[in-house]
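**Q** coords please:
(5 chains)
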Amino acid sequence: MESRPPLRELGLNAGKKARLHRILFDHGLRNGTAFFLPYDQGLEHGPRDFFANSQAGDPAYIVKLAIAGGFNGIAIQIGLAEKFYWDYAGEVPLVLKLNGKTDIPSDAEALSPVHASVEDAVRLGADAVGYTMYVGTPAQEADFAQYRQVRADAQRLGMPLIVWAYPRGAAIEAKGGKDSFYAVDYAARVASELGADVVKVNFPHPEKQKSVRPEYAAEFTSQQAIDAVVRSANRTLVLVSGGSKAGDQAMLDKAAQSMAAGGLGLIFGRNVWQRPYDESLRFIDSLKDVLAEYPSE
Amino acid sequence: MESRPPLRELGLNAGKKARLHRILFDHGLRNGTAFFLPYDQGLEHGPRDFFANSQAGDPAYIVKLAIAGGFNGIAIQIGLAEKFYWDYAGEVPLVLKLNGKTDIPSDAEALSPVHASVEDAVRLGADAVGYTMYVGTPAQEADFAQYRQVRADAQRLGMPLIVWAYPRGAAIEAKGGKDSFYAVDYAARVASELGADVVKVNFPHPEKQKSVRPEYAAEFTSQQAIDAVVRSANRTLVLVSGGSKAGDQAMLDKAAQSMAAGGLGLIFGRNVWQRPYDESLRFIDSLKDVLAEYPSE
Amino acid sequence: MESRPPLRELGLNAGKKARLHRILFDHGLRNGTAFFLPYDQGLEHGPRDFFANSQAGDPAYIVKLAIAGGFNGIAIQIGLAEKFYWDYAGEVPLVLKLNGKTDIPSDAEALSPVHASVEDAVRLGADAVGYTMYVGTPAQEADFAQYRQVRADAQRLGMPLIVWAYPRGAAIEAKGGKDSFYAVDYAARVASELGADVVKVNFPHPEKQKSVRPEYAAEFTSQQAIDAVVRSANRTLVLVSGGSKAGDQAMLDKAAQSMAAGGLGLIFGRNVWQRPYDESLRFIDSLKDVLAEYPSE
Amino acid sequence: MESRPPLRELGLNAGKKARLHRILFDHGLRNGTAFFLPYDQGLEHGPRDFFANSQAGDPAYIVKLAIAGGFNGIAIQIGLAEKFYWDYAGEVPLVLKLNGKTDIPSDAEALSPVHASVEDAVRLGADAVGYTMYVGTPAQEADFAQYRQVRADAQRLGMPLIVWAYPRGAAIEAKGGKDSFYAVDYAARVASELGADVVKVNFPHPEKQKSVRPEYAAEFTSQQAIDAVVRSANRTLVLVSGGSKAGDQAMLDKAAQSMAAGGLGLIFGRNVWQRPYDESLRFIDSLKDVLAEYPSE
Amino acid sequence: MESRPPLRELGLNAGKKARLHRILFDHGLRNGTAFFLPYDQGLEHGPRDFFANSQAGDPAYIVKLAIAGGFNGIAIQIGLAEKFYWDYAGEVPLVLKLNGKTDIPSDAEALSPVHASVEDAVRLGADAVGYTMYVGTPAQEADFAQYRQVRADAQRLGMPLIVWAYPRGAAIEAKGGKDSFYAVDYAARVASELGADVVKVNFPHPEKQKSVRPEYAAEFTSQQAIDAVVRSANRTLVLVSGGSKAGDQAMLDKAAQSMAAGGLGLIFGRNVWQRPYDESLRFIDSLKDVLAEYPSE
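**A** Next up is the predicted model:
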C-alpha cells in the first residue's frame, strides 16, 4: 500500500496549500482524502444524462446533495456557478470547471474551449479550478496554449489546479484507446509534467493491449496498473473518475484499489446522482467508508 | 404548471437585476412576462422576409409597432440601433443583438460573427444583449471563444445576456436535426451551463426521432417536451421563438404551452410583422392575453 | 437587543459571501460571530509591545495561539504572511492587512501607506483583507485614493474588506478626540458609506464631550453609544477593537455591550497576547463565552 | 583538437555570463565543461521510458541522482520544477525546459508548444532555459514565432538559452532523416544564427547519405562530422545528446569525439538513468573522466 | 546562543531559496553564514571615503578584493554593476543596490530614491537586491511606496531582498537617535513585517536611552540588545553593519555577539577597504574565523 505525501511536501505556494487544506480537512471526511461531485454532464453530454433521475437536472438538487452527502467539493461550469453557488457559498467548496464542450461534433481533434478564467474562480470564492486536457489530441498545440494561461494564472493566484487528463482523439484511438493502461498512465504523467496539482484520470484497463506501446503489452493486474498511474503522477495528487454508471460493487472495488495505490480520492458524478436521493446517500456512504481507511496528514 | 423563479433568486448582480426588472415590470404587461420583437431577419435572411408586408422593411415602422404593441423589447443589430434607436430611446427597451450572419454560405460549420460589444450596448442605453450560439456546430471552438468575451463583459457591466441557442451544423443534422426535442433540450442546457440569463429556443418537436440519442426516441407530448426544455434551462429564463410564419392558432397553442411550462415569454418576429399593421396589433393582443395568465413576482 | 442580519441579506457577491461564511461558520465558534487576533503592532508600535510577554514577538507563537484559541482569523502584514502563513495555511483564516505605518513620525496628517494588494491576499489564500482608514485626517484625499483601489479590487475578486476605521489627525483632536462617541460613530458610518464589508472600531466614549458636535454633547450610556455605532454601520458588520491592555472585566463588559448592540464580534490583540500563554487561553475562553450568547444564521 | 572559446569572448551580457559561469565553474567538474541530466521524457515519450528502472519515474530520485552524480544541471518541465526543485533549490542548477509535447499525435508537422516563460525560469531560480526547435518542420513559422519571444526574453533577463536543435518533420525525412550529418549540421547552424547560447544536437551520422544534399554525400569520419557541427555552431556552445539507450563504449566514444571537436559537454538522460543507481553513478564517472581531459577557462 | 533557522523553514519561494543557497553555500565559508562587502559609499558619502586608501576608489580593486577575500557577495549601485560586474560575472555574487542618495542635503526627511529595478538585477545576474529604508522618516509614505514595488517584484522574480533598515530623520533624532536599541530594534521589526528576506542593521546601543520609549530606558547588555534585535527580525535573517571604521577588536567583538545572537553574518565595507590590501585580507580572515564558529544547515 502506497501513501500520499502530506501537503507540505508538494511545493505548493501558500494560497494553493490553504485552499487544498480547506478542501481536504474542513470538508468531507476531514482526513486528507477527497470525494468530489462533478456536474458538467449537462454541457458535455446534454440533459439525456438526467433521464435516469430527472431531479438531477436541477442544479440546486445537486448542490444540496453535495452538502448532504458531505462532499469535498462540487465541480460545475461558470453558468451554474453564477446562478446557483451564491446561494450556498462556502457551504461546500466550489471547483470551477474552466473549459468544456458538447459531444455533438466529432471528437477526432478534440479540444475543450475555455469559458471562464481563474480570476472568475477567485471572484466566486472557488477553492480550485478544473481544466480538461485531451492528451494525445491532434489539437494539442491549441490545448496546451490555453492550458498554459490557466496554469500560470492558477500559480499566480494560489488556486489549486485539477486537470481532467483525458486521452482522446484519433491518434489515441489508433494506439489502444482512451482507457488503456498506456493511455491513462501517459495522461497522468503529462498532467504532472505540466504542473497540475491534482489529476483526474479514468481507471486504467491493462487488459486493453491492442496497438499499445510494447512496454504495456504484458500482464498487469488492475492494482499494478493504478499503482503505476499514481506513481507516474508523483506529487500531483490523483482522483479516480467514476465514468458512466456501472455496478456498485465494481465502483467500490475501483475505489479501494485507487486508494490503496496512494490516490487522493474519487470524483464520481453519474454513479452518484443517476439514482434516487436516498440511494445516492447510501452509495456515497459506502464510498466514504473506503476513503475513511486512508487518512493522511 | 411550472412557475418561474423571481428575479431575486437567480443570482443576478445588481445591474442585471435592475435592467431585467425594467424590461419585465416597466414594459409590456408589467407582470413579469416578456414579449420581444426580434428584427434581425434583414441580415439573417435578407429583404425577402419583407415581401409579405413591404412596410416591415422600414426599421422605423417596426420600432413604432413595438411601442404601439407594448413589447418588452426590440432586438436589432448595431447598424439599425445606431440609426433608429436614438429617436425612440427609452420608449421601448433595446436588446442589442451582438452577432449575426447572412444565410448565403453553407451552414455546415455555422458561426455567427460578433459585430458589436456589450459596451456598445451600454452606450446605446440597451437593457440586454443578444448572442446567437450555434450549439453542436463543428466551429464550436470559435463560437465559444467569442461568446466567452460577451459573457464576461455582460457580467462585468451588469447587462442581461439573452442567448439565441440554435442547434446547427452538419453534426446536428446527423443527429436528428435542429428542432428535435434532443437538440432543443441540449441547446437550452448549454446556454444555462455557460451563463445565459435568458435563452431563446425554438419549440421542440418530440416527434422528430430519427437519429436522435436513444433517450429521446420515445413518446413525448409537446407539453412534456417544452416542460423538459424549461427545466434543463433551470435558472436561465426561457423565451420561445416564433420561427417562420405559421398559423395563428398554432402560435397561440405554442405560446400557451411554453408559458405553462414556466417559460418567461415569447420572441416573435415574422409572425408579427409579416402582415398589415392592424392585423399585427390584433395578433399581438391575442398573444398578450396568453401571457396575462402567467404573472410572476 | 439588536440582531445581526444574515449574510444572504447583505448584498455580497458569491466570493465575499463564501469567504465570510468560511470565517464565521468553519472557524471560531462556528455560530456567525467573529473573534479576530490582530498582530501588526510590531509595525504600528514596534517591538516594545512584546516586552510584556517576550514570546509574543515570535509570529509563530501568535499563529499557534490563534489556532489553539480557536480564532476566526489572524490579521498580519505581508512580510509575516509570506514567511509564516504558508506553514499553517488553511488552519486559521488569514486577514491580510494591506496598509500600515510606524508610529515614529507625527500623526497630525496620519496616512497608512499600502504595502500589499488584494491580489497578494488571493495568492496567499487569505479570506479577507484589512485596510486602515484614518477618518478625519487632513490627508484624506490620499487615504481615499488608495482605499478606492482596494475597495474596487476587493469587489472584483470577491474578497471581504475589513476597514480599521480610526478617527485620527489634528482635526479629530480638535473635535473631541479619537475615541469620542462622535468620532467613532462618524468613522463607522464612513466605512459603511464607502463599501466596507466589516468595520473595526474602538469602543465609543460618550462621556468625552469636549469640543464634539452638539448632537453628541448629551447624556448617552455606553450601550446607547455602541447601539448607535452599529446602526450607523448598517449592513457593514461591526468588530470592536480591544485597544491597549486594560482590565479583563472592562473588556468583558465592552464585549457584552458590543454583541448586545448587534456587533459581529471582537478583534483583540494586546489584551490577548500581552500575558502568558495559559492566561491568554483562559481570557480567550471567557470572551468566547460572551460570543456564544449571540449566534446568528 | 579544437578548443572552446572562453566565456568572455562570446559576447554574452553580464547575466548570461554570470549564470553560465555558475553552471560551468561552480558545479560538475568546475573546469568549464558541462554534463547535463535531461528529464522530460515523461512528457515527450510517456512513462514507458521508466520501465527499465522504475525508480527513475520519481523526479525526486532523479534530482538526487543529479546532485550525487555532480551534474552541471538538470533539465525539467515547469510542473516538475514547481513541485520538486524548491526542495533542492540551488543544490544543482536548474535548466527550465520551456516547451514540450507528447509523442502521441503525428510528428509530420512537429511543433513543441511553450509551457512556461523565461520569467518563470527567473522566478524558480533557474540558471538556463531550454527550447526545442524542430529544424525543418513544415510548422517552422509557428516554431520560430514562439522561439523569437523566448530568445528576446532570455536576452532581456540575462538567461542563457539552450536550444534542443532537432531536425524533424516530413521534409527532413525526405532529405536524409533526422540524424544525418546534413541535418545535424544544419540544425546546429540554425541555432547559432538565431541566437542560442548553447545548442544540444544529436551526434551526426555521416554514413546516412540517402537523399541528403550533395555536399554531404561523401566520405566523412565521425570525427570530421562532429568537428564540422561544432564549427557550424561557432560561438554557440555545443552539447551532444545521448539519445535512446545504447552501449556504454559507444557512448564514451561519442563523448570523446564530441569533446575533441571542441564541444562544451554532454546531455545524457536515458543512458544514465535507465539502469540501477550504482551503475548510473559508475557510468557518470566514466563520462566525467572524458570531460576532465577538456578543461577550459 | 541562538540558532538560525534553515532556509527551508523561511517560507521562501524556489528562486529566493536557490539564490540564497548559492550565496550561503557556494561562496564564502559555504557554511550558511554570510559576509558581504558593501561598496556604495562613493554615492552615499562621496570619494572622501577613499582618501584613507586611494586604491579603494577603483571598483575593479574592490571586486578583486571581494573575490580574493572570499566574500559571499558584493553590494554595488547600477552604474558600477554595468561597468565592472560583467568582467567578473559569477565569480562573486552580486547584490544590486537599488536605491541610494548623496549626503549633501539634510537628512531630516530622509528618502533614498530608486535607481534600478529588480529586473535590472535579474539581467545582470545578481543573486540579491538591496534597498535602503529610512525607518521613522517623515517621508515614510514615499519610502514605503517605492519599497512596495521592489518587494513585489522581488517576490515575483524570486530575488532575495536585503533591506538596509536605517532609523533616520528628525523624528528618530527626537526619540533617541539612529543607533539606540529602541531605533535599531524597531527598524529590524519593520523590515520583517514588510517582507525583507535579510535585514542589515547597525549594532544597537542600549546605553543610548535619552528620549527613547520607556520600555528601552533600562539596563541592557550589548548581547541582550542584539539578541532582541535578531528575535524582532524573526524569519528575516540579520546582517550586522560595520559602520564607519573603528578598532578591529571592537569589530570582532560586535561580530561575535551578532553571531551568538543568531545573526546571519556581517556586511563590512569601510572597516575592510580603508586599509592596505594585505591588511584587508588579514582582517577579513579574522572575521571569517568568527563566522566559522556558527555554521548552519
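
**Q** Could you report the separation of residue A:282 from residue A:270?
**A** Using Cβ to Cβ, to the nearest Å, residue A:282 is found at 16 Å from residue A:270. Every residue, glycine included, has its C-beta placed from N, CA and C.

**Q** And these two? Which one has more around it.
**A** residue A:270 (21 against 12; other Cβ atoms under 10 Å in any protein chain shown).

**Q** In this structure that one contacts residue A:242, no?
**A** Yes. Residue A:270 is in contact with residue A:242 according to Cβ atoms under 8 Å; the separation is 6.6 Å.

**Q** quick one: buried residues of stretch A:31-49?
**A** A:31-49 (16 or more other Cβ atoms under 10 Å in any protein chain shown).

**Q** quick one: which of those residues sit in strands?
**A** A:34, A:35, A:36, A:37, A:38 (DSSP state E).

**Q** Would you mind measuring from residue A:44 to chain B?
**A** Distance from residue A:44 to chain B, counting by Cβ to the nearest Cβ, to the nearest Å: 9 Å.

**Q** scratch that, residue A:51 is what I was asking about
**A** 5 Å.

**Q** and what of residue A:88?
**A** Taking Cβ to the nearest Cβ as the criterion, residue A:88 is separated from chain B by 11 Å.

**Q** Count the neighbours of that residue for me.
**A** 19.

**Q** tell me the pLDDT at the spatially closest residue to it that is not a sequence neighbour?
**A** Leaving aside its chain neighbours, residue A:88 sits nearest to residue A:63 (5.1 Å; criterion: Cβ to Cβ, 6 or more residues apart in numbering or on different chains). At residue A:63, the predicted lDDT confidence score is 98.

**Q** Quick check: buried residues in the strand or helix carrying residue A:63?
**A** Assigned by DSSP states H and E, residue A:63 belongs to helix A:59-68. Neighbour-count burial for helix A:59-68 flags A:59, A:60, A:61, A:62, A:63, A:64, A:65, A:66 (criterion: 16+ other Cβ under 10 Å).

**Q** which strands and helices sit next to that helix?
**A** Using 3 or more Cβ pairs under 8 Å, 6 or more residues apart in numbering or on different chains; DSSP states H and E, the elements in contact with helix A:59-68 are strand A:34-38, strand A:73-76, helix A:86-88, helix A:270-273, helix A:277-291.

**Q** closest one to residue B:182 among these?
**A** Nearest of the helices and strands packed on helix A:59-68 to residue B:182, taken as Cβ to Cβ: helix A:270-273 at 18.4 Å.

**Q** got the contact list for that closest one?
**A** A:37, A:39, A:41, A:49, A:53, A:56, A:62, A:65, A:69, A:242-246, A:248, A:251, A:280, A:283-284 (Cβ atoms under 8 Å, 6 or more residues apart in numbering or on different chains).

**Q** From residue A:209, how far out is residue A:225?
**A** 11 Å.

**Q** Please say which of the two ends up with more neighbours.
**A** In this view residue A:225 and residue A:209 are compared by other Cβ under 10 Å, and residue A:225 has more residues nearby, 23 against 18.

**Q** Rounded mean pLDDT for stretch A:28-45, please.
**A** So the average pLDDT for stretch A:28-45 ends up being 98.

**Q** what ranges do the strands span in chain A?
**A** A:34-38, A:73-76, A:94-97, A:128-135, A:161-167, A:198-201, A:237-241, A:265-267.

**Q** what would those look like in JSON lines with distance to residue D:220?
**A** Output for those, formatted as JSON lines (distance: least, Cβ to Cβ, whole Å):
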{"stretch": "strand A:34-38", "distance to residue D:220": "59"}
{"stretch": "strand A:73-76", "distance to residue D:220": "59"}
{"stretch": "strand A:94-97", "distance to residue D:220": "57"}
{"stretch": "strand A:128-135", "distance to residue D:220": "41"}
{"stretch": "strand A:161-167", "distance to residue D:220": "43"}
{"stretch": "strand A:198-201", "distance to residue D:220": "48"}
{"stretch": "strand A:237-241", "distance to residue D:220": "51"}
{"stretch": "strand A:265-267", "distance to residue D:220": "57"}
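
**Q** So which of those strands is nearest residue B:290?
**A** Closest of the strands of chain A to residue B:290 is strand A:73-76, at 34.5 Å (criterion: Cβ to Cβ).

**Q** what's the average pLDDT for the closest one?
**A** 98.

**Q** Pairing partners for it, with directions?
**A** strand A:34-38 (parallel), strand A:94-97 (parallel) (DSSP bridges).

**Q** Return the angle between stretch directions for the longest one and strand A:237-241.
**A** Relative orientation of strand A:34-38 with respect to strand A:237-241: 50 degrees, computed using axes from the mean of the first three to the mean of the last three Cα atoms, to 10 degrees.

**Q** thinking again about what came up before, can you tell me which of the helices and strands packed on helix A:59-68 is most buried?
**A** Neighbour counts (mean count of other Cβ atoms under 10 Å in any protein chain shown) averaged over each of those peak at strand A:73-76, with a mean of 28.

**Q** Tell me which of the strands paired with strand A:73-76 lies nearest to residue A:84.
**A** Closest to residue A:84 of the strands paired with strand A:73-76 is strand A:94-97 (Cβ to Cβ; 9.9 Å).

**Q** Quick check: the gap between the residue nearest to residue A:88 and chain B.
**A** For residue A:63, the distance to chain B - Cβ to the nearest Cβ - is 11 Å.

**Q** For whichever residue of chain A sits closest to chain E, the count of nearby residues, please.
**A** In chain A, the residue that lies nearest chain E is residue A:13 (7.0 Å; Cβ to the nearest Cβ). Counted with other Cβ under 10 Å, the neighbours of residue A:13 add up to 23.

**Q** what about it, distance to residue D:60?
**A** Where residue D:60 is concerned, residue A:13 sits at a distance of 19 Å (Cβ to Cβ).

**Q** Then residue A:173?
**A** 35 Å.

**Q** hmm, back to that, which residue is the nearest non-sequential neighbour of the residue of chain A closest to chain E?
**A** Taking Cβ to Cβ, 6+ apart, and ignoring the residues beside it in sequence, residue A:13 has residue A:158 as its nearest neighbour in space, at 5.5 Å.

**Q** need the contact list for residue A:220.
**A** A:181, A:206, A:228.

**Q** distance of it from residue D:41?
**A** Separation of residue A:220 from residue D:41 (Cβ to Cβ): 21 Å.

**Q** same thing with residue A:272?
**A** On the measure of Cβ to Cβ, residue A:272 and residue D:41 end up 38 Å apart.

**Q** Flag every residue of chain A that's near chain C.
**A** A:8, A:13-22, A:25-26, A:81-82, A:85-87, A:89-91, A:94, A:119, A:122-125, A:156-158 (Cβ under 8 Å from any Cβ of the partner chain).

**Q** tell me the pLDDT at the closest residue to residue A:74 other than its chain neighbours?
**A** Leaving aside its chain neighbours, residue A:74 sits nearest to residue A:66 (4.4 Å; criterion: Cβ to Cβ, 6+ apart). Residue A:66 is assigned 98 on the pLDDT scale.

**Q** Could you count how many residues lie near residue A:222?
**A** If you count neighbours by other Cβ under 10 Å, residue A:222 ends up with 18.

**Q** Would you pull up the residue in the stretch 151-297 of chain A closest to chain B?
**A** residue A:274 (11.9 Å).

**Q** What residues does that residue make contact with?
**A** The contact partners of residue A:274, taken as Cβ under 8 Å, 6+ apart, are A:49, A:52, A:53, A:56, A:245.

**Q** just for the stretch 151-297 of chain A, where's the confidence low?
**A** Scanning the stretch 151-297 of chain A for pLDDT under 70 picks out no residues.

**Q** All the helices of it, in order from the start?
**A** Secondary structure of the stretch 151-297 of chain A by DSSP state H, counting those that start in this stretch: the helices cover A:170-173, A:181-193, A:222-233, A:248-260, A:270-273, A:277-291.
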